[in-house]
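1. got a predicted structure plus its sequence, pasted below:
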Amino acid sequence: MLSANSRAGGLTAHVTGTGPSIVFLHSLLSDRGSLEPMVALLADDFRLVLLDLPGFGGSPRCPGGLDGLADRIADAVRAFCPGETPLLFGNGYGSFVALATALRHPETVGSLFLAGCGAAFTEEGRGAFRFMASKAEEAGLQAIADTAMRRLFPDHMAGAVPEILAERRAAFIATDPEVFKEACGLLATLDLRAAAQDLAVPLFTCAGAYDEATPPAMAEALAALAPDGTFQLIEDCAHAPTLQAPRVVARLLRDFAGALALGAPTAPASA
């Protein structure tokens, strides 16, 4: 995994590339390593800031729930991208933190690209987070590692990428259990549906057709709530599009960023 080479605003990150900045926030079921396929695809044209979310990598834990996380990310964006309002990319847990940041600190964010996202979970989804938090507290993250990996890679995809799956499993088990439990509790009660209707920045949402952790209907509903929202389904992909469909994600990011630069409507490209 690419090492963290920068620290700013209280968070660590790997920073590389040249051009307008894109700040990346990773999933709860993974870490910054799940974002690294984007480097080779985008670093020639964008400055990439791959953050370690609070409690991951060298970034310390952050109090204050979702608001506290949004404040910490906004501080980091200001510090890593002075004079810019960058595109903020989030996957899974990172997408909810990115959305909260844009809602709470709209002056720090130019646009949002969220993969595996939404504004609120169903009761079934909330129950899954409560179950994982309970099992993690009883027996540690090792006890739910198989469940977590199935949420990243469904069975029909997992067999084709054993090395990636093993790497992601090791990263998940290494997560601070307290950070994981706090995040599960946050996601089990999250509801940003009303706030999303006042989102002040352009929003692009996407989801893998096989995403069971954040089903595509959640991303589509979020895009419909936002004043300037677009949704794109990604075929043959689950909860980790930067690992499962990195070239598609890179193309969609380029198209979205290019349309914003030209002032064009942010209509979806075909994935």
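-> Perfect, thanks for sending it.
2. quick one: Ala70 from Asp45, how far?
-> Remark: distance between Ala70 and Asp45 (C-beta to C-beta, to the nearest Å) = 28 Å. Just so you know, the C-beta spots here come from the backbone N, C-alpha and C atoms, and that holds for glycine as well.
3. who has more neighbours out of those two?
-> More crowded of Ala70 and Asp45, by other C-beta atoms under 10 Å: Ala70, with 23 against 16.
4. for the more buried one, phi and psi?
-> Note on Ala70: its backbone torsions stand at phi -60, psi -40 [degrees, to the nearest 10].
5. that one contacts Ala100, doesn't it?
-> Yes: counting by C-beta atoms under 8 Å, Ala70 sits close enough to Ala100 to count as a contact (4.2 Å).
6. thought Leu48 was touching Pro37?
-> No: with contact defined as C-beta under 8 Å, Leu48 does not count as touching Pro37 (11.4 Å).
7. more neighbours, these two?
-> Of the pair Leu48 and Pro37, Leu48 is the one with more neighbours under other C-beta under 10 Å, namely 24 against 20.
8. which SS state does the more buried one fall under?
-> Three-state call for Leu48 (DSSP: H, G, I helix; E, B strand; the rest coil): strand.
9. excluding its backbone neighbours, what's nearest it?
-> Among residues not flanking Leu48 along the chain, Gly17 sits closest, at 4.6 Å (C-beta to C-beta, 6 or more residues apart in numbering).
10. what's the pLDDT at the one you found?
-> Looking at Gly17, its pLDDT stands at 98.
11. same check, this time on Phe56
-> For Phe56, the model assigns a pLDDT of 96.
12. now do stretch 64-82: everything it contacts.
-> The contact list for stretch 64-82, computed with C-beta atoms under 8 Å, 6 or more residues apart in numbering, reads 6, 8-11, 13, 15, 21, 23, 25, 47, 49, 51, 53-54, 62, 86, 88, 96-98, 100-101, 103-105, 108-109, 186, 190.
13. any of these buried? List them.
-> Among these, those buried by neighbour count (16 or more other C-beta atoms under 10 Å) are 8-9, 11, 13, 15, 21, 23, 25, 47, 49, 51, 53-54, 62, 86, 88, 96-98, 100-101, 103-105, 108-109, 186, 190.
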